[in-house]
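J.: sharing a sequence plus its predicted fold:
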Amino acid sequence: MTSYEQDARTLEPPWPFTGREDELELVRRSLGIGRQGVVVTGPAGGGKTRLITEAVRGIDCARVTGTPETSTLPFAAFAPLLPGHTSLPGAIQHLSGVRLLVVDDAHLLDEASAALVHQLAVHGRTRLVVAAADPGPLPGAVSRLWTGELLTHLALEPLPYDETAHLLAGGGLEPLTVRRLHRVCRGDLRLLRDLLGALRESGALTRVPDTGEWAWRGPLPLTATVLDRIAPLLDRPDPGERDTLERLAFAEPLPPHLDDGLDLGILERLETDGLIHVDDRGAVRLAHPLHAPALRARAGRLRARRLARTPSQCEPALKDEQEQLATCVDQLDVREVPAPVGEWLAAGGLPVPAGYAAVRARYSRLRGELREAAAWAREGLRATPGDASCRTELACAAAESGKAAVVRGDGGLAHYGAVRLGEPVGAAGRLDGVLAQHAEALARGDGPALDSAAEALAARGLLLFAAEAHAQAVRAHRDPRAARMSRTRAVALARRCQGARTPALSGLVLGELTARQRQIVTLAATGLSNRQIAERLTLSVRTVGNHLYSAYTRLGASDRSALPWLVEQPEEKSA
């Protein structure tokens, strides 16, 4: 098996603000004239503080923060802003001149501070931006800020995978590692930063020989943040419950049958407390993806040796997983399905059978996850270097990324390839289902029908095909507003396809930029520095940098390396 070169201590992750444009706009709107403010709630580590910091950047404001240590001391959070020994009316009067107040960790406010925040909202002279962890206990005065409709409420969802990948794009991480980090952290940015720092410091990130990217193979670091997140498991008083949780950690999924040594009463209690999940087939898994690797890393060597499965013991489950993925591919329905066995093998640095790897690569490629498709193909080639199916998948992923010539005869999609190239005539009568719907709409030059086909493709998880159909609709629409909408949808989907560079997407993304952004991006693509661009356009260097940063966000690019392709690709001719 291939070994990896170790030396990742200098790998520094970028942490730009990303993936929250709509939420940022909502917070900023809530601070406009006639508005009283907003409450942002969400799980710990989900980016609430980062969001509100970005929203009030450049605005004069006062800030207070709740802390566990001061949650019983009256007005403790407001101590820097208030004189000593004040009353609630006195505090309100003292803060009457504050036009904007930011309150972080409001779930930790003492009762007096919480009441003060509520009264400031009632009086309406101070605009408020409040962040609070949820789920969890909240002071009643804080929860009434939105249940009483005093302030706008924004429930912040965990950062999705695509935006997590964009956040980590500058760190040189290989895609299976990015997927593993996202799966373990579930959008918890505090945990993500903690884990990545621990991996760098411990030398657990290793160079992948074929790509030069960094990979994480091996156990989960048991950082303080990780231990805090698994405290609900460690604190279970019942030895039987703890034993069941550890068995699941080493061998999930398990069937819930008494003859397999599992106590159904214990399983019912763990399910009621939200610690395990039972799927439709009766398989039992730990509810949070972090729990299994954390429990495995915490177990002693002898217990791990007794409980852990060997690769040979995984063969039946891996075969079932492969058949399920192959069915998804055959039916062109690649909506996400759990496939933990293959991920467990890859994460542990164990050989991944080439047959499984090829199917997994094809499944990922059809989903538009091109970098992951290539990574799975490489995993299969490490186990079986000459495997033809893995080599084909690697070539197909490279072609979709614009790094190689198009691979002909791509299984049952060969005729659909002509549709993707804008030539639907040769595919007439040779496709069915959503692919035929796309071909027929393109042959008619019907913009609305192409958008409908794109939506049908996206519903089946075929995101790259959907992006291409929307892109073709841009050229087919006669209504400029409909064309703009199709363009926006195409760009949004293409951004999720991990660097896809296909003919149908050529020349598309620049339409999402403002005129000034297009001008600056075009100059940057020629190799000019920010200073040179600033001198040519009579702008400040900072202004150029801000325009480029906004353009990167809209284009789905992490840096200048993608700009030449985005600018130089010619517009595809109309069908």
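T.: Nice, thanks for sending it over.

J.: please name the nearest non-neighbouring residue to residue 66.
T.: residue 108 (3.2 Å; Cβ to Cβ, 6 or more residues apart in numbering). Glycine gets a C-beta too; all of them are placed from N, C-alpha and C.

J.: can you show me the helices along the stretch 201-350 of the chain?
T.: For the stretch 201-350 of the chain, helices defined by DSSP state H, counting those that start in this stretch occupy the ranges 224-229, 231-234, 239-251, 264-272, 291-298, 301-307, 315-330, 340-347.

J.: dump the ones you listed to TSV, plus mean neighbour count, distance to residue 189 and mean pLDDT.
T.: Putting the helices of the stretch 201-350 of the chain into TSV (neighbours: other Cβ atoms under 10 Å; distance: least, Cβ to Cβ, whole Å; pLDDT from 0 to 100) gives the following:
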stretch	mean neighbour count	distance to residue 189	mean pLDDT
helix 224-229	16	11	91
helix 231-234	14	19	88
helix 239-251	18	25	89
helix 264-272	15	28	89
helix 291-298	21	18	91
helix 301-307	12	30	81
helix 315-330	16	30	93
helix 340-347	20	21	90
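
J.: rebuild those helices as a markdown table, extending it with distance to residue 523.
T.: Listed next are the helices of the stretch 201-350 of the chain as a markdown table, based on distance: least, Cβ to Cβ, whole Å:
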| stretch | distance to residue 523 |
| --- | --- |
| helix 224-229 | 43 |
| helix 231-234 | 53 |
| helix 239-251 | 54 |
| helix 264-272 | 58 |
| helix 291-298 | 46 |
| helix 301-307 | 56 |
| helix 315-330 | 43 |
| helix 340-347 | 42 |
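
J.: closest one to residue 440 among those?
T.: helix 315-330 (22.4 Å; Cβ to Cβ).

J.: give me the angle between the closest one and helix 340-347.
T.: With axes from the mean of the first three to the mean of the last three Cα atoms, to 10 degrees defining the directions, helix 315-330 sits at 110 degrees from helix 340-347.

J.: now the angle between helix 239-251 and helix 315-330, please.
T.: 60 degrees.

J.: contacts for helix 315-330 next, please.
T.: By Cβ atoms under 8 Å, 6 or more residues apart in numbering, the residues outside helix 315-330 that reach it are 253, 334-335, 337, 339-342, 345, 353, 355-356, 359-360, 362-363, 366.

J.: make a PyMOL selection of whichever of those turn out to be buried.
T.: In PyMOL, a selection of the buried entries from the contacts of helix 315-330 looks like this (16 or more other Cβ atoms under 10 Å):
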select buried, resi 253+334+339+340+341+342+345+353+355+356+359+360+362+363+366
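
J.: from residue 400, how far out is residue 413?
T.: The gap separating residue 413 from residue 400 is 12 Å, by Cβ to Cβ, to the nearest Å.

J.: burial of the residue nearest to residue 66, as a residue count?
T.: When neighbours are counted by other Cβ atoms under 10 Å, residue 108 registers 23.

J.: what's the answer for residue 135, then?
T.: When neighbours are counted by other Cβ under 10 Å, residue 135 comes out with 10.

J.: same question for the one 4 residues further on.
T.: Taking other Cβ under 10 Å as the neighbour definition, residue 139 ends up with a count of 23.

J.: check contacts around it.
T.: Residue 139 makes contacts with 106-107, 109, 111, 114, as judged by Cβ under 8 Å, 6+ apart.

J.: tabulate these in a markdown table, adding columns for neighbour count.
T.: Below are the contacts of residue 139 laid out as a markdown table (neighbours: other Cβ atoms under 10 Å):
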| residue | neighbour count |
| --- | --- |
| 106 | 28 |
| 107 | 21 |
| 109 | 30 |
| 111 | 14 |
| 114 | 26 |
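
J.: related to what we said a few turns ago, thought the residue nearest to residue 66 was touching residue 68?
T.: Yes: here residue 108 reaches residue 68: they are 5.8 Å apart, a contact under Cβ atoms under 8 Å.

J.: which neighbours do the two have in common?
T.: Between them, residue 108 and residue 68 share no contacting residue, judged by Cβ under 8 Å, 6+ apart.

J.: partners of the nearest residue to residue 127 once chain neighbours are set aside in the sheet?
T.: Using Cβ to Cβ, 6+ apart and skipping residues adjacent in sequence, the residue nearest residue 127 is residue 37, 4.6 Å away. When bridges are called by DSSP bridges, residue 37 pairs up with residue 128.

J.: near residue 37, how many other residues are there?
T.: 23.

J.: same for the strand or helix carrying residue 371, what does it pack against?
T.: Taking DSSP states H and E as the definition, residue 371 sits inside helix 370-383. For helix 370-383, the packing partners by 3 or more Cβ pairs under 8 Å, 6 or more residues apart in numbering; DSSP states H and E come out as helix 175-185, helix 354-366, helix 388-400.

J.: show me the shaky parts of the protein.
T.: 1-16, 255-261, 404-412, 507, 509-512, 553-575 (pLDDT under 70).

J.: where exactly do the strands run in it?
T.: In the chain, the strands defined using DSSP state E lie at 5-6, 37-42, 62-65, 100-104, 127-133, 152-155, 205-207, 214-216, 276-278, 284-286.

J.: distance from the fifth one to the middle of the chain?
T.: Here strand 127-133 shows a centroid-to-chain-centroid distance of 24 Å under the convention Cα atoms, centre = their mean, to the nearest Å.

J.: so how far is residue 518 from residue 530?
T.: Between residue 530 and residue 518 the distance, using Cβ to Cβ, works out to 16 Å.
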